[in-house]
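# Next come a sequence and a model predicted from it.
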Amino acid sequence: MFIGHFGIGLGVKALDQRISLGTLFLAAQFVDLLWPSLLLLGVETVEIEPGITKLTPLNFVSYPISHSLLMTIVWGLLFGLTYWQLRKNLKGALILGLCVLTHWFLDFVVHRPDLPLHPGESLMVGLGLWNSVAGTLVVEGLLFVIGILVYLRVTKAKNRAGVLGFWGLIAFLTVITISNFVGPPPPSATAVAWVSQAQWILIIWAYWIDMNRQTRVANGTLN
Ligand SMILES: [Zn+2]
């Protein structure tokens, strides 16, 4: 799953407006941000296998450190604890920890049964929605659109950068998603890893957007 995770990041802004969109994206995509470094270090493995699902040619051969259920829980705990230490915002820390965890459950819906429950010999799970073009579009598209609507409901732009930066990001994510689904398969696993590393730019972009927008919540009520 790709834009669905970003949809979660956008939508969760409604639960605690003190959390920057950059931090929300970092949490929702945390395990996918670890994954390319683990690929480049040779700890995890991906192969290109066109046709393995209707929507992605990636065969996730091994990724227990980034994508097992157990390790995703560990990453969520570490993420929440770190945020709590830095910001002393317990509610935000809980929200962010759970946000990290949503990644695994959303991946569980779209992936083939390739998600391990824990590192080592483990049952592999996944509902395989990536084999249905319509199903994937509905689920990922709905999460993304609802996330956008919620984020726009709880924040407003302070300036032009807050408008253009936001819509630029939405357009960029949409184009990446379409090209992932309809474009040619990537040339190599190394190319997949480096393109995935580029997602860090989206995190920085989201922090910048959030600085140029403000919350609509005044005195606890939306105005
Ligand atoms: Zn993932």
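That came in fine, so what should we check first?

# list the contacts for the residue lying closest to residue 185 once chain neighbours are set aside?
Spatial nearest neighbour of residue 185, chain neighbours left out: residue 57 (4.0 Å); criterion: C-beta to C-beta, 6 or more residues apart in numbering. C-beta here means a position set from N, CA and C on the backbone, and glycine is covered the same way. For residue 57, the contact set (C-beta atoms under 8 Å, 6 or more residues apart in numbering) comprises 48-51, 185-186.

# got it, and residue 155?
When contacts are counted by C-beta under 8 Å, 6+ apart, residue 155 touches 13, 17, 210, 213-216.

# ok, and which of those reach the ion?
Near the ion, judged by C-beta under 5 Å from the ion, there are no entries from the contacts of residue 155.

# So which of these sit within helices?
Cross-referencing these against helices under DSSP state H gives residue 210.

# Buried among the contacts of residue 155? Need that as a selection in ChimeraX.
Applied in ChimeraX, the following selects the buried portion of these according to 16 or more other C-beta atoms under 10 Å:
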select :13,210,213
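
# Specify which member of the contacts of residue 155 is nearest to the ion.
residue 13 (20.9 Å; C-beta to the ion).

# Just give the nearest non-adjacent residue to that closest one, would you?
residue 151 (5.1 Å).

# Show me what the helix or strand harbouring that neighbour is packed up against.
Under the criterion of DSSP states H and E, residue 151 resides in helix 133-154. Here helix 133-154 touches helix 3-12, helix 90-110, helix 160-182, going by 3 or more C-beta pairs under 8 Å, 6 or more residues apart in numbering; DSSP states H and E.

# Quick check: what element follows the longest one along the chain?
In other words, helix 160-182. helix 189-197.

# re the thing from before, looking at the helix holding residue 151 now, give me its mean pLDDT.
Averaged across helix 133-154, pLDDT comes to 96.

# So what are the sheet partners of the helix or strand following that helix and their directions?
Sequence-wise, the next helix or strand downstream of helix 133-154 (DSSP H and E) is strand 155-157. Strands adjacent to strand 155-157 in the sheet, as given by DSSP bridges, are strand 213-215 (antiparallel).

# So what does the residue nearest to residue 185 have for phi and psi?
Here is the backbone geometry of residue 57 (degrees, to the nearest 10): phi -90, psi 10.

# Same check on residue 115?
According to degrees, to the nearest 10, residue 115 has phi -90, psi 120.

# pLDDT at it, what is it?
pLDDT, read off for residue 115, is 97.

# residue contacts, it?
60, 67-69, 104, 107-108, 124-126.

# I'd say residue 117 and residue 70 touch.
Yes: if you go by C-beta atoms under 8 Å, residue 117 and residue 70 touch, sitting 6.6 Å apart.

# Just the C-alphas of stretch 52-71, formatted as PDB.
Taking Å, rounded to 0.1, in the frame of the first residue of the first chain, the C-alpha atoms of stretch 52-71 are listed here in PDB:
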ATOM      1  CA  ILE A  52       3.100 -11.600  -9.200                       C
ATOM      2  CA  THR A  53       0.100  -9.400  -8.400                       C
ATOM      3  CA  LYS A  54      -2.000  -7.300 -10.800                       C
ATOM      4  CA  LEU A  55      -0.800  -4.100  -9.200                       C
ATOM      5  CA  THR A  56       2.800  -4.500  -8.200                       C
ATOM      6  CA  PRO A  57       5.600  -6.500  -9.700                       C
ATOM      7  CA  LEU A  58       7.500  -6.700  -6.300                       C
ATOM      8  CA  ASN A  59       8.000 -10.000  -4.600                       C
ATOM      9  CA  PHE A  60       8.700  -9.200  -1.000                       C
ATOM     10  CA  VAL A  61      10.900 -12.200  -0.400                       C
ATOM     11  CA  SER A  62      12.000 -11.400   3.200                       C
ATOM     12  CA  TYR A  63      11.300  -8.300   5.300                       C
ATOM     13  CA  PRO A  64      10.800  -9.500   8.900                       C
ATOM     14  CA  ILE A  65      12.700  -6.500  10.600                       C
ATOM     15  CA  SER A  66      10.600  -3.800   8.900                       C
ATOM     16  CA  HIS A  67       7.300  -5.700   8.200                       C
ATOM     17  CA  SER A  68       6.600  -8.500  10.700                       C
ATOM     18  CA  LEU A  69       3.700  -7.800  13.000                       C
ATOM     19  CA  LEU A  70       5.800  -8.200  16.100                       C
ATOM     20  CA  MET A  71       8.500  -5.800  14.900                       C
END
